[in-house]
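Enquirer: Have a look; sequence and predicted model below, questions after that.
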Amino acid sequence: MTKKIILIITYLLGILFFIGCGGGGNALDGGEETGRAFANTVQLPRTGQTKCYDTAGGEINCAGTGQDGEIQAGVVWPLPRFVVTYCNVSGPCSDQSSDCDGNASTDVVTDNLTGLMWTNGNGGGPWDFAVDYANNLTLCGYSDWRLPNVNELESLVNANEPNSAAWLNVQGFTIWPSDEDFDILHFWSSTVNGGGAWIIGMQNGHVSILGRGHYPSLVWPVRSEKVGIIQLPQTGQTKCYGGYGVEIACAGTGQDGEIQVGVAWPNPKFAVSGDCVTDNLTGLMWSRNANLAGYMNWNAALNYANNLTLCGYSDWRLPNRKELRSLINYGQSRPPHGLIPRVLQMCSPATTTGRLLPMLSIRTAWAWERRGSSICGVATWTTAIRTTAPTYGQYVQDK
């Protein structure tokens, strides 16, 4: 038995809050409760990953690998995933067989997975410009556009593609530049933490934080169009921030802390039972100790999780990208004092493989750094997960 059983901590600057050994309740992200479990309230989608890879980056048969490409846990994406609505300046074209004004920038795209409607054009600038632009936009007859939160932006990432931007460009979107400049493919979210805001790199799938006043990124407005196959959860952010990271009243800011779009977290969010913890938001069961076997490379971690027996269960596996992200509380900038072990980098590996950089031929597993904002491709901590509910509905295939 280890000297310390460690609470799962967050990656990036938000808290990846998990439950630690001392049964007390640092319930900053919805709370914890011992021995009680709720039905899951959100259904996580698949990551998009359908392929598997060896350590040299070569594609292999998925059978028996335990990789995300084999398991494909989560809600199946609908076909078609995206639907384009042709519009002019006043609203949808009466004849949807063609674009009545011949201008793609006035058209909109609806995601049937999430029910969100996205614009088909964008501009760039500091964060203040982005949120004002989105809040004051009238497009296709709609005036309820807003800046998406970090969960909404990330829902567009396809982990099976080395370049999600290029993939989106053939799904009906026509907003992407033809070059591969990383800097111009980052999009602002409404999720703010102090002086920074979370951004998504649509070319590489990176989730990171950027100073709001110093760097330009793109703006991609969204609106809630309909009920999708899944409902995205809230991010956990309930506060708003002005310049220099000073907390301000949320009213009229357009920040995530004001709008709080998404499914509310249950209270308690986590239910502790012995050495295991169930997330009442997703229905996923996690090992209570986030560092079950110490630092491992990805292959060793994958094998460890696949062969683990814990809390009487033997169907443990390594979590995928979406599952790891479901633990993040973007309302927290750091864990409570004393909960971070004295290590410089703390990552949990995911089964989702993908190119770390599109120009590289090698493949790496996604792993979230818990102190910084990068994707880790080195030896990482190992945590394990299992699905407590065998199915989420007709779209699920959770093997």
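Expert: Perfect, thanks for sending it.
Enquirer: quick one, phi/psi of G245?
Expert: Torsion angles at G245 (phi, psi; degrees, to the nearest 10) stand at phi 80, psi 20.
Enquirer: Look up the closest residue to it, ignoring the ones flanking it.
Expert: Closest residue to G245 in three dimensions, ignoring its sequence neighbours and counting by CB to CB, 6 or more residues apart in numbering: G194, at 3.4 Å. Where C-beta positions appear, they are placed from N, C-alpha and C, glycine not excepted.
Enquirer: what's the burial count for the one you found?
Expert: By the measure other CB atoms under 10 Å, the count of residues near G194 is 16.
Enquirer: tell me the pLDDT at it?
Expert: If you check G194, the pLDDT there is 87.
Enquirer: quick one: it from I209, how far?
Expert: 9 Å (CB to CB, to the nearest Å).
Enquirer: before we move on, what about L44?
Expert: Noted for L44: a distance of 23 Å to I209, by CB to CB.
Enquirer: ok, so what distance separates the residue nearest to G245 from I200?
Expert: When G194 is compared with I200 (using CB to CB), they lie 18 Å apart.
Enquirer: swap in P80?
Expert: Taken as CB to CB, the span from P80 to I200 is 22 Å.
Enquirer: circling back to that earlier point, you'd agree the residue nearest to G245 is up against I248?
Expert: No - with contact defined as CB atoms under 8 Å, G194 does not reach I248; the gap is 11.6 Å.
Enquirer: tell me, what's touching those two both at once?
Expert: Y241 (CB atoms under 8 Å, 6 or more residues apart in numbering).
Enquirer: So what's the residue count around W145?
Expert: Other residues lying near W145 total 21 when counted by other CB under 10 Å.
Enquirer: Contacts only, for it.
Expert: Applying CB under 8 Å, 6+ apart, we find W145 in contact with T119, A134, N135, L137, T138, L139, P221, V222, R223.
Enquirer: The last one: neighbour count?
Expert: It stands for R223. Neighbour tally, R223, other CB under 10 Å: 20.
Enquirer: Enumerate every residue touching it.
Expert: With contact taken as CB under 8 Å, 6+ apart, R223 is in contact with L116, M117, Y142, D144, W145, R146.
Enquirer: With the second one instead?
Expert: If a contact means CB under 8 Å, 6+ apart, then A134 has W145, R146, L147, V219, P221, V222, G254 as its contacts.
Enquirer: For the last one, grab the count of nearby residues.
Expert: So the one you mean is G254. Neighbours of G254 under the rule other CB under 10 Å: 19.
Enquirer: Surely it touches L147?
Expert: Yes - contact criterion CB under 8 Å: G254 and L147 qualify, at 6.2 Å.
Enquirer: shared neighbours of those two, anything?
Expert: Residues touching both G254 and L147 by CB under 8 Å, 6+ apart: V131, A134, N135, S190.
Enquirer: count of neighbours near S287?
Expert: Count around S287 with other CB under 10 Å applied: 24.
Enquirer: Y241 too?
Expert: Neighbour count of Y241, defined by other CB under 10 Å: 21.
Enquirer: Give me the residue ranges of the stretch 101-250 of the chain where confidence is low.
Expert: 121-122, 175-184 (pLDDT under 70).
Enquirer: got the residue ranges for the helices in it?
Expert: In the stretch 101-250 of the chain, the helices defined using DSSP state H, counting those that start in this stretch lie at 127-135, 150-154, 164-169.
Enquirer: Now stretch 103-112: buried residues?
Expert: Along stretch 103-112, these residues count as buried under the neighbour rule (16 or more other CB atoms under 10 Å): A104, T106, D107, V108, V109, T110, D111, N112.
Enquirer: Filter those residues down to just the ones in strands.
Expert: V108, V109, T110, D111 (DSSP state E).
Enquirer: Looking at those, which one is closest to N204?
Expert: Nearest to N204 among those is D111, at 20.2 Å by CB to CB.
Enquirer: The closest one: what's it in contact with?
Expert: D111 makes contacts with R81, F82, M117, W118, S155, L156, G228, as judged by CB under 8 Å, 6+ apart.
Enquirer: got the residues you listed as a markdown table, with neighbour count and distance to P92 columns?
Expert: Putting those into a markdown table (neighbours: other CB atoms under 10 Å; distance: CB to CB, whole Å) gives the following:
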| residue | neighbour count | distance to P92 |
| --- | --- | --- |
| R81 | 19 | 20 |
| F82 | 17 | 16 |
| M117 | 22 | 11 |
| W118 | 25 | 15 |
| S155 | 19 | 23 |
| L156 | 26 | 22 |
| G228 | 19 | 19 |
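Enquirer: Which one of those is nearest to A63?
Expert: Within those, proximity to A63 (CB to CB) peaks at R81, which comes in at 26.2 Å.
Enquirer: The closest one touches L113, doesn't it?
Expert: Yes - the pair R81 and L113 qualifies as a contact (CB under 8 Å) at a distance of 5.9 Å.
Enquirer: So P80 and I200 - more neighbours on which side?
Expert: Shown here are P80 and I200; by other CB under 10 Å, I200 has more neighbours (27 against 12).
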